[in-house]
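Asker: return a 3D structure for these sequence lines:
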Amino acid sequence: SPKDNPFLQIQSLHRDDWRKYTGMVDELVQQLSPGAERVEEHDFFEVVGQDDENFTIFIVRDIEKNPEGEFIGMATIFFRHLLSGWVGEIHDVVVDKHYFRQGFGRMLTQHIFDYTNIRAKKLGKPIKLCLTSKPHREAANAMYVKAGFELIAQAVIERDPATGMEVVKGTNLYRKVINP
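Answerer: Here you go, the predicted model:
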């Protein structure tokens, strides 16, 4: 189990990490969304280089097997203060295909909960966590429900009468409130 492995490390990426990690971030983004725009060094630096406490990329790695090397997975979160309260949007939750179904997605998601809980306590206000997930990512969707997210909007899958192929319209939207 990942949580019992003392060599697993979750860390946030910072401004100085862009040269070292752009390729690994791009590889995971491509696994999550094949055909997505490539993550270039200037993109990574622009996003991470904000040094903004409202945006964080978390990565997980096995420091025993590969202390400076590849990521096992990653997730991003950014917070916004709206008139209706604080919102945390979770994006790019992805585990490398070689590490599927080993609990790393759960580990990253729990880390984001813990991080958000600390932030909610610091603010003294609840934070509504939101995330989307494509319906074909069945394991991820099941994990989000098990983690306490509520499915508030569901993608529609229809059959195209002309081709007989399934067409997905929209995505699944989940929400969970983290109270201080």
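Asker: from now on I want contacts and neighbour counts done on CA atoms only, so please keep to that.
Answerer: Fine.
Asker: show me how far the host helix or strand of residue 176 is from its chain's centre.
Answerer: Counting by DSSP states H and E, the element that carries residue 176 is strand 172-178. Between the centre of strand 172-178 and the centre of its chain there are 13 Å (C-alpha atoms, centre = their mean, to the nearest Å).
Asker: repeat that for stretch 151-158.
Answerer: 20 Å.
Asker: would you mark the buried spots in that stretch?
Answerer: Residues 151, 154 are the ones in stretch 151-158 that count as buried (16 or more other C-alpha atoms under 10 Å).
Asker: low-confidence ranges in this structure?
Answerer: In the predicted model, the chain carries pLDDT under 70 at residues 1-7, 15, 18-19, 44-45, 48-51, 65-69.
Asker: counting by contacts, list what the strand holding residue 176 packs against.
Answerer: Secondary-structure packing of strand 172-178 (3 or more C-alpha pairs under 8 Å, 6 or more residues apart in numbering; DSSP states H and E): helix 104-123, strand 127-133, strand 150-153.
Asker: apart from its chain neighbours, what residue comes closest to residue 12?
Answerer: Closest residue to residue 12 apart from its sequence neighbours, by C-alpha to C-alpha, 6 or more residues apart in numbering: residue 58 at 4.4 Å.
Asker: count of neighbours near the closest residue in space to residue 133 that isn't next to it in sequence?
Answerer: Distances taken as C-alpha to C-alpha, 6+ apart place residue 172 nearest to residue 133, at 5.2 Å, with adjacent residues excluded. When neighbours are defined as other C-alpha atoms under 10 Å, residue 172 has 17 of them.
Asker: many thanks, we can stop here.
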